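Novice: give me a 3D structure for the following:
(chains A, B, C and D)
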Number of protein chains: 2
Amino acid sequence: MQTKVGQFPRSEGSLGIREVARHARVSTATVSRTINGIESVDRRLAARVWKSVQELGYSPNVFARSLASGRTRLLGLIVPDRSDPFFAEVAQWFEETAWALGYEMLLSPIGSNVERRSYFIGRMRERKVEGVAVMVFDLDSALIEEFSVLKVPIVYVNAGPEFADATTLSVNYWYGIRAAVQHLASMGHRQIAFIGGQNLRRSSTPKLKAFIRATQEIGCVPWTIEIDESFEGGIRAMKELLDSDVRPTAIICSSGLVALGALRVLDQTGVDVPKQMSIIGFDDVPFAEFVNPPLTTIHIPRRDLARLAVTTLRALIETPREHAVKSSWEVPTSLIVRESTDFLAGSALSKSSIHGSAALLGVQGAVILEDCG
Amino acid sequence: MQTKVGQFPRSEGSLGIREVARHARVSTATVSRTINGIESVDRRLAARVWKSVQELGYSPNVFARSLASGRTRLLGLIVPDRSDPFFAEVAQWFEETAWALGYEMLLSPIGSNVERRSYFIGRMRERKVEGVAVMVFDLDSALIEEFSVLKVPIVYVNAGPEFADATTLSVNYWYGIRAAVQHLASMGHRQIAFIGGQNLRRSSTPKLKAFIRATQEIGCVPWTIEIDESFEGGIRAMKELLDSDVRPTAIICSSGLVALGALRVLDQTGVDVPKQMSIIGFDDVPFAEFVNPPLTTIHIPRRDLARLAVTTLRALIETPREHAVKSSWEVPTSLIVRESTDFLAGSALSKSSIHGSAALLGVQGAVILEDCG
DNA sequence: ATGAAAGCGCTAACAA
DNA sequence: TTGTTAGCGCTTTCAT
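Specialist: Below you'll find the model as predicted:
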């Protein structure tokens, strides 16, 4: 019989379930059952237990609990970069939703280098995540391999391989981009350019496709210009556009930052937005509404996306995986009209009530155009 | 002798330290020592162990590890609101620093309602945090009480009680605000207003004091206007200022959002920034540099603050607490000059090289004025 | 330097 | 319904 001491000062006087049990004059099992809300416990005993818990100031040790139960209630979320405001917000909603369902989030901003990636993968393994949401497009197959070894459910969000049985969630850019194009067309714009590019999110392709389809739909020639998706990219593209013989009258940017860059050039060049040029961005960036003029943006439902990821994961985890069928879900985008878009100058069309009402809502007001689908 | 089954499907084939030990033909103790990098292990045995770890794809169970060792290596960080970009960034640096030192962060965005607060406090207790950084000013004493029961080290960051023995870190606003006032004064401004207020951060008072002292220092009368610290607050204050008989020529805002609000009003009123009015904000908000014109801001060293919090906590945790002395640290603020400040129109002063060089740095360039202290 | 074995605090059979 | 008890997977003494 040895008395364990340990190098590190343990929490005071080992206040564990045993002390509570002794104090309440019941067994540890009863304490455990009470704390975990198991019905079968006698009301009077339960009351005694809770009282002891209070008096002693007991709080269960999650580590012991996980070890004993074999459950961790941990959900992994793999993103490229936590400092990107888009992923930051998604992560926040993911965590919030997870909490609401009794889970924890383990965030893995794996970046781009391989060491960092396997570090985070290892971390998730050590902590025994029960499921993982993958939000990076180019997670290499070796890592995916490593994961499948774990045999935990995975959902791919707006990314990932087209496994026959992979569960996927995706953002439908078509709705929002089509709404944007039609919004512009309805105000007389025919020369609409799209500034897009490639980045970590790799959502460029679907956005581009949607733009092309939407412009063709209204009988216009798609006008696109590719850049790296950033503030500087927006600056370069806008300069290029301004230099061309015939200027577009409206521009859709593939991200909020790109739009901010475009706006900068326009401001410096003295081009009035929206009178001389209309700009539409994405709300993947905060402060789109605090900028001058407030940006008309395509809204990505980050919160819905995050929630869907968590709930899907939970379903996968808690459902006996007898009939694991491929399932895929989609969240729609929409258009938020603010003040960076207006009627084409010299257009025969006059101000419609839609835009008028947007202005009426005041500085932060916005009218949301649902998808036209 | 019973074979444990468990309700929940456990990780495949119980790949634990025992399997590794068997595979490497050593004891579990040796495996443990090897994995934890304990020197005394024979090189050849260690090699065998690592090989087995590789081949088996073993990764230790953190829960068991924590349970056995009595250490959690968890650091709590209490903030009001994780969606505030300031705290979001601090939290990120906190976590990053913690990782670098082998710790984890447990974030508690306790908000304002009591239930939420005690929920997060409870969470930290359950998880046995080894130390806590408190970044909220008005953590009520009851909660502090609850914490002191845990007997874990606490550092108060820019907040908290003035316990005789409390460890505190704080932001020195004096340097940055003084630099801002002097920057303006050097460009001929004498009518400088300060838009400030109160918010969760409660950093208003030190900021206000610093402003008053700095303006008096240059022989000006402090001109302050109080609002709630927000975008709308900035709008209201700016409107009020524009309506007054005599307008200020330069304005320092107590936060980035307030500055954005002020900028909005100025833009709508057709007041040119910086030609007709200079604006200075705080960089507690991203995109201050992406706005038009790029905002001259007072820089708060969020990263240093977070790092200091973590390293201080670690020192407190890992140092035998024999002589626990009160200690306090400070991080300085500084001024980042961009393009929202300029010479007073009609001033006898001409453009100095300082501002000229800022312009030369281009769209995103900035010259940092260190504290004048 | 290595191994045997006693727990860490809890959960969940199983028995009562 | 309640209690007894065998682990969960690891660390760390203690003995070798």
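Novice: distance of A:Glu126 relative to chain B?
Specialist: Counting by C-beta to the nearest C-beta, to the nearest Å, the gap between A:Glu126 and chain B amounts to 5 Å. All C-beta atoms are positioned from the backbone trio N, CA, C, and that covers glycine.
Novice: what do you get for A:Phe63?
Specialist: Separation of A:Phe63 from chain B (C-beta to the nearest C-beta) stands at 4 Å.
Novice: what's near enough to touch that residue?
Specialist: Taking C-beta atoms under 8 Å, 6 or more residues apart in numbering or on different chains, we find A:Phe63 in contact with B:62-64, B:66-67, B:72, B:128.
Novice: if you set the cut-off to 6 Å instead, what comes out?
Specialist: Going by C-beta atoms under 6 Å, 6 or more residues apart in numbering or on different chains, A:Phe63 touches B:63, B:66-67.
Novice: C-alpha coordinates for stretch A:250-261, CSV please?
Specialist: Taking C-alpha atoms only, stretch A:250-261 is exported to CSV below (Å, rounded to 0.1, in the frame of the first residue of the first chain):
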residue,chain,number,x,y,z
ALA,A,250,-20.7,47.1,-62.3
ILE,A,251,-18.3,44.7,-60.7
ILE,A,252,-18.8,41.6,-58.6
CYS,A,253,-15.9,40.6,-56.4
SER,A,254,-15.3,37.1,-55.3
SER,A,255,-14.6,38.2,-51.7
GLY,A,256,-15.0,41.0,-49.3
LEU,A,257,-11.4,41.9,-49.2
VAL,A,258,-11.2,42.0,-53.0
ALA,A,259,-14.1,44.4,-53.0
LEU,A,260,-12.3,46.6,-50.4
GLY,A,261,-9.3,46.7,-52.7
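Novice: need the residues that contact it.
Specialist: Outside stretch A:250-261, the residues touching it (C-beta under 6 Å, 6+ apart) are A:180, A:184, A:189, A:192-196, A:207, A:229-231, A:233-235, A:262, A:278-282, A:284-285, A:288, A:295, B:290.
Novice: hang on, the earlier thing: the contacts of A:Phe63: which ones sit near DNA strand D?
Specialist: Restricting the contacts of A:Phe63 to those near DNA strand D by C-beta under 7 Å from any atom of the strand leaves B:Leu67.
Novice: nearest to DNA strand D, of the contacts of A:Phe63?
Specialist: If you rank those by distance to DNA strand D using C-beta to the nearest atom of the strand, B:Leu67 comes first, at 4.2 Å.
Novice: may I have the secondary structure class of that closest one?
Specialist: Under DSSP: H, G, I helix; E, B strand; the rest coil, B:Leu67 falls in the helix class.
Novice: distance of A:Ser244 relative to B:Glu339?
Specialist: In this structure, A:Ser244 lies at 27 Å from B:Glu339, with C-beta to C-beta, to the nearest Å as the measure.
Novice: is A:Phe212 in a helix, a strand, or coil?
Specialist: Slight slip there: residue A:212 is Ile, not Phe. Using three-state DSSP, the three-state assignment for A:Ile212 comes out as helix.
Novice: hmm, back to that, so between A:Ser244 and B:Glu339, which is more surrounded?
Specialist: Neighbours of A:Ser244 and B:Glu339, each counted by other C-beta atoms under 10 Å in any protein chain shown, are more numerous for B:Glu339; the result is 20 against 11.
Novice: need the contacts of A:Phe63 in TSV with distance to A:Asp81 and pLDDT, can you?
Specialist: Formatted as TSV, these follow (distance: C-beta to C-beta, whole Å; pLDDT from 0 to 100):
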residue	distance to A:Asp81	pLDDT
B:Phe63	29	97
B:Ser66	29	96
B:Leu67	34	96
